[in-house]
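>>> I'd like to go over a predicted model; first the sequence, then the structure.
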Amino acid sequence: KRDRLDYTGFAYLGLMLTADGPKVLEINVRFGDSEAECVFPRLRSGLSNLCRLVLQRRIGEAILDVDPDPCVTVALAQGQVPGDANPGWPFQAPAVGQAISGLDTGFDGDGGHYVANVRADAIGRPVTAGGRGVHSVGKGPTLSVARARAYQRAMRVHFSGKRFRTDIAGDLSKLGAVFATNDHPAARRATR
């Protein structure tokens, strides 16, 4: 308001929990990877209707209905291909075109996969196209269950050069009971 910016849309706060409390890492005015992959599986309200209400500046009329179950996503990125002279990301462009196996064919109540930077090869099989290619998503009644499901899915996906972090939603004891339990209200009135 001070800068007289008239922004309408999404705002995402990237937070890191530290010993000194939460710290803001970034503020995005979009839904991107890996934020959307955790939000959209929980959204019961129609996204297109919410976007329409935002654009019409009527978001206060919306009921934001969100599944209370936690959701965790693990990004699987294209990295160095073993035995390849190309060291892969982040040093050089990754060796793309690596066959991908183990992708879920759908998204169920326990999670699934989102893909980006994936293309079809000459006979229609999925192959890597660089960067973050697959997001393995787990959903469950607690954060630890959601985390376990996300990593179970991540371990079923295979492609040469697969890289991923192992600390996503890791130390649940530091997060507090509200994050580790299923006590969030399912519906909330959206605010501006």
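Structure's in. What do you need?

>>> Tell me if Leu17 really is in a strand.
Yes - Leu17: assigned to a strand according to DSSP: H, G, I helix; E, B strand; the rest coil.

>>> Specify the beta-bridge partners of it.
Per DSSP bridges, the residues bridged to Leu17 are Pro22.

>>> could you pull out the strands for the chain?
12-18, 21-28, 63-65, 71-78, 111-115, 118-120, 126-128, 132-139, 162-163, 187-189 (DSSP state E).

>>> helices or strands up against the shortest one?
Pointing back at strand 162-163 there. Here strand 162-163 touches strand 71-78, going by 3 or more Cβ pairs under 8 Å, 6 or more residues apart in numbering; DSSP states H and E. Where you see a C-beta, it was placed from the backbone N, CA and C, and this is true even at glycine.

>>> Each with direction, which strands does the strand it packs on pair with?
By DSSP bridges, strand 71-78 pairs with strand 132-139 (antiparallel), strand 162-163 (antiparallel).

>>> gap between Arg30 and Ala36?
9 Å (Cβ to Cβ, to the nearest Å).

>>> Run through the protein and note the low-pLDDT ranges.
32-33, 81-92, 172-192 (pLDDT under 70).

>>> do that again at 50, thanks
Within the chain, the ranges that satisfy pLDDT under 50 run 173, 176-192.

>>> mind listing the helices for it?
35-39, 47-55, 143-156, 177-180 (DSSP state H).

>>> Can you name the residues that contact Gly112?
Taking Cβ atoms under 8 Å, 6 or more residues apart in numbering, we find Gly112 in contact with Pro41, Asp104, Gly106, Val137, Arg153.

>>> Hmm, His113 and the second one touching each other?
What that stands for is Asp104. Yes - the criterion here is Cβ atoms under 8 Å, and Asp104 meets it with His113 at 4.9 Å.

>>> TSV for the strands paired with strand 71-78, including mean neighbour count and distance to Arg149?
What follows is those, written out as TSV (neighbours: other Cβ atoms under 10 Å; distance: least, Cβ to Cβ, whole Å):
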stretch	mean neighbour count	distance to Arg149
strand 132-139	26	3
strand 162-163	16	18
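
>>> how about those strands in TSV, adding distance to Asp69?
Converted to TSV, these look like this (distance: least, Cβ to Cβ, whole Å):
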stretch	distance to Asp69
strand 132-139	5
strand 162-163	27
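
>>> thinking again about what came up before, Arg30 and Ala36: which has the busier surroundings?
Comparing Arg30 with Ala36 by other Cβ atoms under 10 Å, the one with more neighbours is Ala36, at 18 against 10.

>>> And for Gln152, the neighbour number?
14.

>>> tell me the contacts of it?
Shown in contact with Gln152 (Cβ under 8 Å, 6+ apart): Gly138.
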